[in-house]
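1. A structural model of the following input is requested.
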Amino acid sequence: MKTIAVIPARYAASRFPAKLMQPLGDKTVIAHTYENTMATRLFDEVMVVTDSPVIFDEITHYGGYVIMSKQPHESGSDRIAEAIAELEVDIIVNVQGDEPFVKKEPLEKLLGAFGDDNQHKVQVASLMMHIMDEQMINDPNTVKVVVDKYNNALFFSRSPIPFSRQNGFAKYHKHIGVYAYRKNALLTFTSLAATPLELTEKIECLRYLENGISLKMVLTDYAGVSIDTPQDLEKARLFI
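-> I've put the predicted structure just below:
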């Protein structure tokens, strides 16, 4: 089973433009993400796919494998789908470019969701972690997920879900935006139109659920620091 990691790297992020090229320690954010993904040694190949000559040159500088998107794309999934459409590959892991502290253990657990699935029941998998911090639970920049007893996703939201009518009973999970897909599942996803809930919440993976495609959620206790805002970058600098 050939497994690759693809890092979609858009330069003009809406909330924090050029965030992937911000300095973080002795390297840029995107350089850390690429090198730490390589360091896991879990993949047959690691590539960056970007719309930016600046990011292209940055990855090339470190001797990395990077390609330019042929067309403009609204989402990282679309960018990856274009890049892998003609490749012979079984599992693709989408490592977000703004996740510079990616570690081996969570990705290994994510890939494990496909390991014993000979009947290909798992088409898409993603990571989640248990959260208890009230500020994070109520932060719309933190996407929450609720799951069934088999850890299949029921819904994703920027609102605090589930709503707790009795304190102490609710369990909250943060969705960590790292995905693994079978190739056909990814190509199917990108052929589908954006769905009403996806557009409402601005959460791409709701498109899977609205089209009846289940997501297997994998629990991890490691989230690192996802850089969505300048404040997140400061947290990452403290973290490093």
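2. contacts, neighbours, all on C-alpha from now
-> Noted.
3. Got the phi and psi for V48?
-> Main-chain torsions, V48, degrees, to the nearest 10: phi -110, psi 140.
4. Correct me if wrong: it contacts I7.
-> Yes - between V48 and I7 there is a contact at 4.6 Å, judged by CA atoms under 8 Å.
5. between these two, what contacts are shared?
-> Y34 (CA atoms under 8 Å, 6 or more residues apart in numbering).
6. tell me the strands in this structure, going along the chain?
-> Using DSSP state E, the strands found in the chain span residues 3-9, 23-24, 27-28, 45-50, 66-68, 91-94, 124-131, 144-147, 153-157, 172-182, 216-219.
7. I'd like the ones you listed laid out as JSON lines, including distance to D228.
-> Converted to JSON lines, those look like this (distance: least, CA to CA, whole Å):
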{"stretch": "strand 3-9", "distance to D228": "13"}
{"stretch": "strand 23-24", "distance to D228": "14"}
{"stretch": "strand 27-28", "distance to D228": "15"}
{"stretch": "strand 45-50", "distance to D228": "17"}
{"stretch": "strand 66-68", "distance to D228": "22"}
{"stretch": "strand 91-94", "distance to D228": "17"}
{"stretch": "strand 124-131", "distance to D228": "17"}
{"stretch": "strand 144-147", "distance to D228": "16"}
{"stretch": "strand 153-157", "distance to D228": "17"}
{"stretch": "strand 172-182", "distance to D228": "12"}
{"stretch": "strand 216-219", "distance to D228": "22"}
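8. out of those strands, nearest to I59?
-> I59 sits nearest to strand 66-68 of all the strands of the chain, at 6.5 Å, using CA to CA.
9. Okay, now the sheet partners of the closest one, with direction.
-> Next to strand 66-68 in the sheet, as set by DSSP bridges, lie strand 45-50 (parallel).
10. mind saving the C-alpha coords of the partner strand as CSV?
-> Extracted in CSV, the C-alpha atoms of strand 45-50 (Å, rounded to 0.1, in the frame of the first residue of the first chain):
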residue,chain,number,x,y,z
GLU,A,45,6.9,10.3,-0.5
VAL,A,46,6.3,13.8,1.0
MET,A,47,5.5,16.7,-1.3
VAL,A,48,4.4,20.3,-1.0
VAL,A,49,1.9,21.6,-3.6
THR,A,50,1.6,25.4,-3.8
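11. and that strand, which residues are buried?
-> Under the neighbour-count criterion of 16 or more other CA atoms under 10 Å, strand 45-50 has V46, M47, V48, V49, T50 buried.
12. Quick one: mean pLDDT for that strand?
-> Average pLDDT, strand 45-50: 96.
13. Give me the contacts around the worst-scoring helix or strand of the chain on mean pLDDT.
-> The helix or strand of the chain with the poorest confidence is helix 230-239; it has a mean of 88 (mean pLDDT, DSSP states H and E). Contact with helix 230-239 is made by F16, L24, G25, V225, S226, I227, as judged by CA under 8 Å, 6+ apart.
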